[in-house]
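**Student:** Fold the following and give me the result.
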Amino acid sequence: MEPQDVLAQLRRIPLFQGLTDSAGEDALMRMVPFVRERVYEPGEWILRQDQPPDRMCIILEGKARQTRVDELGSVTPIAELGPGEMFGRLELAVQALEGMNVQAVDKTRVLYLPFRELVKIYDQSDYLRKQLPGPLQPSQVVAYLEMMPLFQNFRAESWEDELYWIAPFVHDQVFGNGEWLFRQGEISDRLKLVLEGRIQLTKIDPTGLVTEVGWLEVGDVAGETGLLVGDFHDVLATADGPVRILYLLREDFAKLLNAHPRWRGKLNVSEVVDARRKMKTFDWLRDDEWAIFIVQRHWTRLFRQIFAPLLFLFLLMPVSAYLFTRGTPVTNILAVVLALPILLLFGVAIWGYLNWRYDFFVLTTQRVIHIEREWPFDIHSEECSLDTIQDIYEVRSGLAANVLNYGDLVLQTAGDTVDVDIDSIPNPARLRAMIFEQIERARARDLLRARGQIRDMLARRLRIEVAPTPPPSKTLPPTPPTRSLWMLLTFKWLWEYLFPPSWVETDEGGTIILRRFWLLGLLHYLEVFVPLSISTVGGGIYLLRLLEEQNPLFPSLLAAWLILEAILLAALLWMVEDWRNDYLQLTPSHIVLVDIKPLLLREARREARLDRIQNLSFQVPGFFGHFLKFGHVQFETAGREGGFEFRWVRHPSKIRSLISDRQYAYNQRLRQVEATRRQNELLSWFAMYDNLRKEGN
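**Tutor:** Prediction:
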C-alpha cells in the first residue's frame, strides 16, 4: 500500500483519532514504515489464544472469525470480522490481556502494526506521551514511581510534584517470549518495574551449572543497585511470555540528583546499596569497575599508634601548666622547654590519626587495592587482580583480636615477593567472604563472556563465513633510533638530551616510553657538575693569572687542569647518559624494563607479558614526591625473578593505573582469542558431524 493509504487506515483506529494536528500527523507518519500487510489463506490462524495479542490489526479484504476455547475444549464464537474491522492490541494502556483465536474464513488481507514498534515510537515521542492514554503519561508515571519502594517517601503531597521531574526520563519497553531482558555479567544501569508478564531469573556458576533464582511478577522492581551505584548483573532475566517494563537509566537519574540534591535524603535506599552509594570515590576506577567494599584498620591499631604519645602528653601538660603558674623566671624557662616535647608529642599523635584515617583497603569488582600513607608524606599503593589470587589466609592473633573481632588477611598470588597484607581490619571473615564472592562473580562473567562470543560466532556463521580475529602481535616495536651527530649542533636536541621527556607516546599511543624524571637527574648530576664548574671557572681564572705572570709552572698546571676537566666532564656525561638511557617501554601486550650503561658496557632488557603481572604497586616518597609528583613503580610476575621496579618516574599513580588498564584490556583480548579458537574448533566438529550425517543418509 501507498504511505498515504496506510496513514488513512491508521487514522481510523480509535486510539489515534485525537491526533488531528500537524504534530499528530507527523507522529502517525513515523508509524507508517512499521506497518505490515499480509494475506491469510482460508483456515489460517491470524492470532492464537495461547498467547496474548502482540499487534493491532485491520482487515482490508476478506472475513475472519473470532472465537474462544474454554477449559473443557468447547469453542465459543465471539464475532465475525469483515473489511474495516479491527482486533488485537488496540490500546497502549497496561492491561491483563487474554488471548483470542482469530482465523481467516476467506482469503483475508490484513494490515497490522506490531505492538513492540508502537511502544518504541510512543516512548520516543514527547507528543504521544502527552496525547495518548498509556503508562508514560506524566500522571501515570508518577503513580508508578510511587509504587516503587525507592520513592515511597515522595508519596506525601508536598513531595509528589517532585516526581513529575522524573516522568520525562522514564521509558517503556516490550519483550517477546524467550527474549533476554539482561544477561548475567552485563552492566546494570537502570531501575525496572514490571508492568505486564513475568520474568524468570536464572544464574550460572563458574562451573557452568544453571540454577533458578526466582521470578519477577507484575509490580516487582529490580535494579536499585544499577540505578544508584552500578554493577554487573548476577542473573539472567528471560521473558516468560510477552513482558512490558518501565525503566529509568542511571545516567539520567544522576543528572536529576545533581539538579535536585535534596532528593538524596528522601530516597528510601536499601542498607547495602546506601553503604555503597556513600563510599569514597576513586579516579582510578575503570568504566566497568565499581568499589564493593572499603575498610580501614581496626581502632585498636590507632590506639597502639597514639597511646604512648598521648600518655606522655597528658603527663607533661599538667607539669607545664604548674610551672607556668609559679611565675618565676626559672619555672617559666622550664615550662617553655617542656612545651617543645609537648608540641612534638601532639604532632605525633595527630599524624598517627591521619595515618590511620587515610589508610584504605578497597575491594572492587576486579581487584583488591591497598592505599597507605606512610611517615611523613609518603604514599604507598599495591594491588592485585582477583584472577591472580591463589589463596587467602585469615589470622587472629591474641585474645584481644578474638574478643574484638579483628585480624589479618594475606592475599597470596603466584608472585614470590609481594603479597597483599590486609592487617588489623575489623571482621576479617566478612571481607574474606566478599573477596571470594567477587572472585566467583568474575569467573562466572568470564565463562559467560566466552559462551556469548561462541553463540554470536555460531549465529554469524549460519549466515556468512567470518575470519577469526587474529591474536595480538607479540612483536615489540623497535627501540627508538639513535640520533645522528649533526643533531648535537641544534639547541632542541641538546635540550632533549639534558632534559628528556618523562612520557613519550609512539605508534599513535600504542607504545609508551617512560623515562626517569629529569629534575631528579639534574640534582644527581650536581655532585659532579659543581666541582666541574668550580674547576672550570676557578682553574681558568687562576691559569690566566699564571699566564700573565709568565709563571714557569703554567704548562704543567695547564696539562693537569685539562686532565681534571676531561675526567670531570667524562664523569658528568657518564652520569647524564646513564640516567637518561634507562626507560620503561609499555606496549599493548608487553612491558619492558631497559637498563643501558654508557659506552655499550652493558644492556639489560627484562620483558614480561601483561597477563603475567601478578601485583602492582607504587610509592610516592616524602613531601617533594607529592609536590613534584614523582615516585617509584613496582610490579611482579610469577617468574623466578619476577620483581620489576622503575624508580624516580613522574606520576607513579597514573603509571600504575595505565599498566593495570592495559593489563585488563590485554586479558580481554586473550579471552576473545581463546573464544575464537574454541568457536572454530566447535564449528569444525559441527561441520564434520553434518558431513557424516549426510554420508549416512
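**Student:** show me where the stretch 51-200 of the chain has strands.
**Tutor:** Counting by DSSP state E, counting those that start in this stretch, the stretch 51-200 of the chain has strands at residues 55-61, 64-69, 75-81, 86-88, 101-104, 108-114, 170-175, 180-182, 187-188, 190-196, 199-204.
**Student:** So which of those strands is nearest residue 225?
**Tutor:** Checking the strands of the stretch 51-200 of the chain against residue 225 by C-beta to C-beta gives strand 187-188 as the closest, at 6.3 Å. Quick note: C-beta positions are derived from backbone N, CA and C, even for glycine.
**Student:** Quick one: distance of the closest one to the chain centre.
**Tutor:** 11 Å (C-alpha atoms, centre = their mean, to the nearest Å).
**Student:** Given that strand, what are its sheet partners and their directions?
**Tutor:** Paired neighbours of strand 187-188 in the sheet (DSSP bridges): strand 231-232 (antiparallel).
**Student:** The strand it pairs with - what's its average pLDDT?
**Tutor:** Per-residue pLDDT values over strand 231-232 give a mean of 93.
**Student:** same deal with stretch 156-173?
**Tutor:** On average, stretch 156-173 scores 90.
**Student:** who's in contact with residue 95?
**Tutor:** residue 196 (C-beta atoms under 8 Å, 6 or more residues apart in numbering).
**Student:** For it, give me phi and psi.
**Tutor:** As for residue 95, its main-chain torsions (degrees, to the nearest 10) stand at phi -150, psi 160.
**Student:** just to revisit the earlier point, for the strands of the stretch 51-200 of the chain, please prepare CSV with the additional fields distance to residue 141.
**Tutor:** Compiled in CSV, these are given as follows (distance: least, C-beta to C-beta, whole Å):
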stretch, distance to residue 141
strand 55-61, 23
strand 64-69, 34
strand 75-81, 34
strand 86-88, 25
strand 101-104, 33
strand 108-114, 23
strand 170-175, 5
strand 180-182, 20
strand 187-188, 21
strand 190-196, 10
strand 199-204, 21
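**Student:** Tell me which residues touch residue 17, please.
**Tutor:** Contacts for residue 17 (C-beta under 8 Å, 6+ apart) come out as residue 11.
**Student:** 10 Å instead, please
**Tutor:** 10-11, 24 (C-beta atoms under 10 Å, 6 or more residues apart in numbering).
**Student:** follow-up on the earlier one: using TSV, please lay out the strands of the stretch 51-200 of the chain together with mean neighbour count and distance to residue 30.
**Tutor:** Below are the strands of the stretch 51-200 of the chain laid out as TSV (neighbours: other C-beta atoms under 10 Å; distance: least, C-beta to C-beta, whole Å):
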stretch	mean neighbour count	distance to residue 30
strand 55-61	20	15
strand 64-69	17	28
strand 75-81	13	27
strand 86-88	20	20
strand 101-104	21	27
strand 108-114	21	11
strand 170-175	20	16
strand 180-182	18	25
strand 187-188	18	30
strand 190-196	21	23
strand 199-204	18	29
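**Student:** Can you tell me which of those is nearest to residue 537?
**Tutor:** strand 187-188 (65.9 Å).
**Student:** What part of this structure, helix or strand, is modelled with the least confidence?
**Tutor:** The weakest-scoring helix or strand in the chain, judged by mean pLDDT, DSSP states H and E, is helix 491-498 (a mean of 70).
**Student:** For stretch 182-194, give the mean pLDDT please.
**Tutor:** Here the average pLDDT along stretch 182-194 is 93.
**Student:** With only the CA atoms kept, save it in PDB.
**Tutor:** Output of stretch 182-194 as PDB, limited to C-alpha atoms (Å, rounded to 0.1, in the frame of the first residue of the first chain):
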ATOM      1  CA  PHE A 182      19.500  -8.600  30.500                       C
ATOM      2  CA  ARG A 183      22.200 -11.300  30.800                       C
ATOM      3  CA  GLN A 184      24.400 -12.300  33.700                       C
ATOM      4  CA  GLY A 185      27.700 -10.400  33.500                       C
ATOM      5  CA  GLU A 186      26.200  -7.300  31.700                       C
ATOM      6  CA  ILE A 187      26.400  -3.900  33.300                       C
ATOM      7  CA  SER A 188      23.400  -3.000  35.300                       C
ATOM      8  CA  ASP A 189      22.400   0.700  34.600                       C
ATOM      9  CA  ARG A 190      18.700   1.000  35.100                       C
ATOM     10  CA  LEU A 191      15.800   0.600  37.500                       C
ATOM     11  CA  LYS A 192      13.000  -1.600  36.200                       C
ATOM     12  CA  LEU A 193       9.300  -2.000  37.000                       C
ATOM     13  CA  VAL A 194       7.400  -5.000  35.600                       C
END
